[in-house]
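1. following is a predicted model, sequence given first.
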Amino acid sequence: MENPLRQGIRLEQAAEPCTVVIFGASGDLTKRKLVPALYRLVQQRLLPAEFGIVGLARTEMSDDDFRVKMRESVAQFSEAKTVDDEVWQSFAQGLYYLTADIGTADDYRKLAGLLERIDRERGTGGNRLFYLSVAPRFYAAAVEQLGRAGLTKPKDGSWVRVIIEKPFGSDLESARLLNQQIHASLDESQIYRIDHYLGKETVQNLLAFRFANGIFEPLWNRHYIDHVQITNAEAVGVEGRGGYYETAGVVRDMIQNHVFQVLSLVAMEPPAHLGSEAVRDEKIKAMTAARNFTPERVKAECVRGQYGPGSIDGKPVPGYRQEEGVAPDSTTETFAMLTMYFDNWRWAGVPFYIRSGKHLPKRVTEIAIQFQTAPHQLFGADVMEQVTPNQLIIRIQPDEGITLRFAVKVPGQITHIRDVNMDFRYGTSFGVQLAEAYERLLLDCILGDSTLYARKDMTERGWEIVMPILDYWAGTKGEGSFPNYEAGTWGPQAADELMERNGSRWRRP
Ligand code: BG6
């Protein structure tokens with residue numbers, strides 16, 4: 001058994017035999033991410049031979065049909081774009097398919113029978129991981145039915161875990177209700193709420209960078225940091241998901257979950273140890289200190305936006321209101337900027353500016369820590385003209401790495417000072433392909449490590465923070481005259497103006 005105080009650090013560890021059951025096996029996530037990730041884990045010998053996968057969906061299909069389909073998916077969506085015959089043979093032997101309906105009790109009895117058969121055939125030892133990759137309205141029903149069929153209770157030293165996809169609720173009330181519903185059949189230790197941002201190598205590196213180095217942490221506070229900028233930009237639009245996006249918007253889709261997870265890792269205190277509870281305790285402690293939004297604060301310190309027609313990479317793209325499934329007078333936000341404060345000793349008075357949006361000029365997620373200027377300007381303003389305050393930029397994606405910007409003298413007889421970059425790049429330093437987030441997260445769950453999964457309190461706190469923003473915006477639809485930014489630009493002008501009022505400027509990554 002793993003040392004619970006060191007769960008956050010993955011040492012060489014053998015995964016136990018188990019069966020993974022994917023609900024929603026005919027869906028996009030299964031073919032794009034889940035099965036390619038499981039295949040890669042088998043290929044890297046990170047999963048034992050005693051391993052099985054059951055795909056479950058309503059579509060009629062045989063085991064063999066499912067195997068053929070999944071082989072195509074692995075070839076298409078895995079990084080290598082090829083399938084190793086030998087690895088595939090052993091992987092495919094453990095692939096099963098069950099035609100089933102989430103709401104039909106009888107189908108869960110069939111599932112129980114199949115799982116017992118797999119235990120006998122493949123020695124999977126009664127360990128089960130249920131992955132709910134279905135529409136959110138089915139999460140509670142699936143867990144309830146699993147419970148009724150006796151499938152949520154581990155038998156004789158085995159384990160049962162359930163991964164729940166996002167979105168976890170659509171507001172505070174529905175998230176609380178969902179937590180209550182799944183707790184009726186599952187213990188919190190069995191629940192793994194996935195947030196794929198936590199599986200990104202660079203997000204995990206935040207803990208290492210902050211707490212394995214001696215030089216950064218002493219500066220990581222209000223005494224040295226002027227403000228923090230978190231940019232989460234996407235070049236893509238809603239990609240045919242207009243119907244879903246109309247019910248979501250960027251605050252629900254990206255900020256409440258992914259961006260807050262990253263934010264909490266930047267703002268948290270050092271944990272006492274790397275056990276999953278200790279790390280998650282610190283994250284929720286930080287988020288509890290996040291200042292709550294009031295209507296006045298939303299009005300003054302948040303900005304919403306929606307893209308109109310424009311161009312990305314020189315190609316014209318339609319506006320959000322022209323996307324399929326979107327109302328022609330939609331007030332859904334595709335861009336948001338939030339100004340956040342943490343009312344605690346470390347961060348008192350330090351603004352955290354967050355922005356996220358679709359159809360911005362490029363895909364980039366980064367954290368920029370902007371330090372205070374030197375307390376005394378020894379060099380005159382004319383010499384310092386091209387100098388910005390020191391910045392530490394942590395690039396989550398793409399071009400993963402870390403940059404420190406500082407001022408140096410330009411060589412020559414005349415004193416001139418300008419900024420330079422000191423750069424670390426994953427690609428050049430390690431020369432390896434970074435693992436897919438789903439690989440890491442699936443393996444963590446099989447190993448029983450929930451450090452990189454969202455705990456109940458964190459999902460609810462995320463909603464608690466954004467609800468006043470969503471409520472205020474819902475009540476003042478007319479105030480945001482949409483569209484207010486052209487696709488392919490950095491969002492509405494109001495976001496830049498808000499920064500300027502605070503004496504700062506958004507970086508142009
Ligand atoms: C998903 C959102 O959770 O994350 C999508 O629903 C978004 O709208 C995606 O495009 C972004 O993920 P990544 O890993 O490409 O930044």
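-> All right, it came through fine. A quick note: this is a predicted structure, and the numbers were derived from the prediction, not measured.

2. could you look up the SS state of the closest residue to the ligand within the stretch 151-300 of the chain?
-> Nearest to the ligand in the stretch 151-300 of the chain, going by Cβ to the nearest ligand atom, is residue 253, at a distance of 4.8 Å. No exception for glycine: its C-beta is placed from N, CA and C like everyone else's. State at residue 253, reduced to three classes by DSSP: H, G, I helix; E, B strand; the rest coil: helix.

3. surely it meets residue 170?
-> No: with contact defined as Cβ atoms under 8 Å, residue 253 does not reach residue 170; the gap is 10.4 Å.

4. those two: which has the busier surroundings?
-> Using other Cβ atoms under 10 Å as the criterion, residue 253 and residue 170 rank with residue 253 on top: 22 against 17.

5. so where does the nearest residue to that one once chain neighbours are set aside fall, helix or strand?
-> Distance criterion Cβ to Cβ, 6 or more residues apart in numbering; nearest residue to residue 253, sequence neighbours excluded, is residue 245 at 6.9 Å. Using DSSP states H and E, residue 245 sits in helix 242-246.

6. report how many residues lie close to the residue nearest to residue 253.
-> Per other Cβ under 10 Å, the neighbour tally for residue 245 reads 23.

7. please apply the same query to residue 388.
-> Residue 388 has 15 nearby residues by other Cβ under 10 Å.

8. any figure for the gap between it and residue 507?
-> Separation of residue 388 from residue 507 (Cβ to Cβ, to the nearest Å): 9 Å.

9. same deal with residue 17?
-> Distance from residue 17 to residue 507, by Cβ to Cβ: 48 Å.

10. looking at these two, which is more packed in?
-> Each of residue 17 and residue 507 has its neighbours counted (other Cβ under 10 Å); residue 17 has more, 20 against 17.

11. list the contacts for the residue nearest to the more buried one when sequence neighbours are not counted?
-> Closest residue in space to residue 17, ignoring its immediate chain neighbours: residue 50 at 3.3 Å, by Cβ to Cβ, 6+ apart. Contact analysis of residue 50 by Cβ atoms under 8 Å, 6 or more residues apart in numbering lists 17-18, 122-125.

12. hmm, try it at 7 Å
-> 17, 122-125 (Cβ atoms under 7 Å, 6 or more residues apart in numbering).

13. cool, residue 32 as well?
-> Residue 32 neighbours (Cβ under 7 Å, 6+ apart): residue 77.

14. now do the same for it: its pLDDT.
-> pLDDT recorded at residue 32 is 94.

15. any idea what residue 394 is bridged to?
-> residue 367, residue 402 (DSSP bridges).

16. count of neighbours near residue 225?
-> 20.

17. now it: how far from residue 167?
-> 32 Å.

18. do residue 404 as well
-> 36 Å.

19. of those two, which one has the most company?
-> Taking other Cβ under 10 Å, residue 404 and residue 167 do not tie; residue 167 has more neighbours (19 against 16).
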